[in-house]
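**Student:** Sequence and predicted model, in that order:
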Amino acid sequence: MNYDEDCIFCKIGRKEIASAKVYEDSEVLAFLDVNPVTKGHTLVITKEHFSNFNEVPKNLINKVFQVAQTVSQAAIMELHATGVNILTNVNPSAGQSVMHFHVHVIPRYDNTDGFKLDFTPKAIGTRDMTNIATMIKKGL
Ligand code: AMP
Ligand code: ZN
């Protein structure tokens, strides 16, 4: 099992550092983010160390997202969130600061709840769209 002795989430997974645990099984752990962006902001991690989403075996991705879905449902049922953002950052350019795979489950309440995702569209021509789709398909 991959383990990085300098990794804070590996330490949380091994209970060497305390966390506000929400869910745990042999492979997955969910706990509250210590700097929540909204009430109930939860992180779902693999106990095993993988540096980011792209590095995780697919069977474990399934398990993490199953837990993320359950936490998301609980946020709506029990915290009375009206929506939820589920997201994972891959690498520092995308905002990843802890290099151990984690999924953010961010309950949403209204547009003053403190979290904002900016999906401002960029103008891209039809030919570029075709080229970009071709390039991505090559990598699949
Ligand atoms: P990211 O920027 O996607 O890598 O997210 C890392 C998240 O981990 C941030 O939202 C931090 O607030 C959170 N975090 C860092 N250290 C801890 C910790 N000891 N316990 C809980 N959450 C943490
Ligand atoms: Zn780790």
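**Tutor:** Yes, it's here. Ligands and ions are numbered 1, 2, ... in the order given.
**Student:** Quick check, Ile76 in contact with Val84.
**Tutor:** Yes. Using C-beta atoms under 8 Å, Ile76 is in contact with Val84, at 6.8 Å. Where you see a C-beta, it was placed from the backbone N, CA and C, and this is true even at glycine.
**Student:** When those two are compared, which one has more neighbours?
**Tutor:** More crowded of Ile76 and Val84, by other C-beta atoms under 10 Å: Val84, with 22 against 15.
**Student:** Output the contacting helices and strands for the strand ranked longest in the chain.
**Tutor:** The residue-count maximum for a strand in the chain (DSSP state E) belongs to strand 102-108. If contacts are counted by 3 or more C-beta pairs under 8 Å, 6 or more residues apart in numbering; DSSP states H and E, strand 102-108 sits against strand 42-46, helix 58-78, strand 83-87.
**Student:** who touches the first one?
**Tutor:** The contact list for strand 42-46 (C-beta atoms under 8 Å, 6 or more residues apart in numbering) reads 9, 12-13, 22-23, 27-33, 56, 60, 63-64, 67-68, 71, 75, 100-105.
**Student:** now those: which count as buried?
**Tutor:** Buried subset of the contacts of strand 42-46 (neighbour count, 16 or more other C-beta atoms under 10 Å): 9, 12-13, 22, 27-31, 33, 56, 60, 63-64, 67-68, 71, 75, 100-105.
**Student:** out of those, which touch ligand 1?
**Tutor:** By C-beta under 6 Å from any ligand atom, the members of the buried ones among the contacts of strand 42-46 lying near ligand 1 are Asp33.
**Student:** May I have the distance across stretch 29-49, first residue to last?
**Tutor:** Stretch 29-49 has an end-to-end distance of 12 Å (C-alpha to C-alpha, to the nearest Å).
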